[in-house]
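Participant: Predicted model and sequence below, questions to follow.
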Amino acid sequence: MKKRKWFIYTVIIGLLPLMIRFFLFLVVNGIGSNYILNEVDLVTFGLILHISNINELEDKEKIERVWKTTCIGFSVVMLVLFSSLLAVGYLSDISKSIDINKNTLRYCALFLSSVSLIISYAIYNRLNKIEEASWIA
C-alpha cells in the first residue's frame, strides 16, 4: 500500500507542473518542445521525492538503521544538490547577462530527477515489503 500511496501522492503530484506544461504544449500553438521539460520543474520534482523519502524514513524504528541512515543521508545530499540547481535555474530566469547553458542545466536536472525517482521507488518498495511482512507476522 505504501508504494501505491507514494506513487499517487508524491510522484503524480510532483509531476503536475510537467503534465500541465505538456497539456499547454498540446493545446497552445507556437510553443516549442523545450517548454515541456523545464529545469525548475524537474528540480522541484527531485526535491519533492527526497523530502518524501526523509519524511517517510524519519519515524521508522523497525527497519535496519544503517540502511535508514544511508537513505536519509543520500536524500540530504541530493536536497543540497537540487537546491543548488534550483538557484542556478532561478538565476538563469532573472539574469540575461549571466551566460548559463539552459540545455545542460535541463539535462542535469532530468538525469538527477530520474535517478531520484529510481532511488525513491527502491526505498518505498522496501518499505512496502517490510509493511507486508509485519502484517503476515
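Facilitator: Received it, and whenever you're ready, just let me know what you need. Just so it is clear, the model here is predicted, and its values are computed rather than measured.

Participant: ok, V88 touching K102?
Facilitator: No: using C-beta atoms under 8 Å, V88 is not in contact with K102, being 9.6 Å away. Where C-beta positions appear, they are placed from N, C-alpha and C, glycine not excepted.

Participant: Between these two, point out the one with more neighbours.
Facilitator: Neighbour comparison, V88 and K102: the larger count goes to V88, with 20 against 14 (by other C-beta atoms under 10 Å).

Participant: What helices and strands are in contact with whichever helix or strand that one is part of?
Facilitator: Using DSSP states H and E, V88 sits within helix 65-94. Counting contacts by 3 or more C-beta pairs under 8 Å, 6 or more residues apart in numbering; DSSP states H and E, helix 65-94 packs against helix 39-58, helix 102-136.

Participant: in it, what's buried?
Facilitator: Of all the residues in helix 65-94, those buried under the rule 16 or more other C-beta atoms under 10 Å are 71-72, 74-75, 78-79, 81-82, 85-86, 88-89, 92.

Participant: pLDDT wise, what is R4 at?
Facilitator: pLDDT, R4: 88.

Participant: and what of K62?
Facilitator: For K62, the model assigns a pLDDT of 84.

Participant: Could you measure from it over to F45?
Facilitator: Using C-beta to C-beta, to the nearest Å, we find K62 at a distance of 29 Å from F45.

Participant: How about K2, nearest residue that isn't a chain neighbour?
Facilitator: In space, K2 comes closest to N128 once its chain neighbours are excluded; the distance is 4.5 Å by C-beta to C-beta, 6 or more residues apart in numbering.

Participant: isn't the one you found right up against E56?
Facilitator: No: with contact defined as C-beta under 8 Å, N128 does not count as touching E56 (10.8 Å).

Participant: Neighbour count for these two, which is higher?
Facilitator: E56 (20 against 16).

Participant: State the distance from K62 to A133.
Facilitator: When K62 is compared with A133 (using C-beta to C-beta), they lie 10 Å apart.
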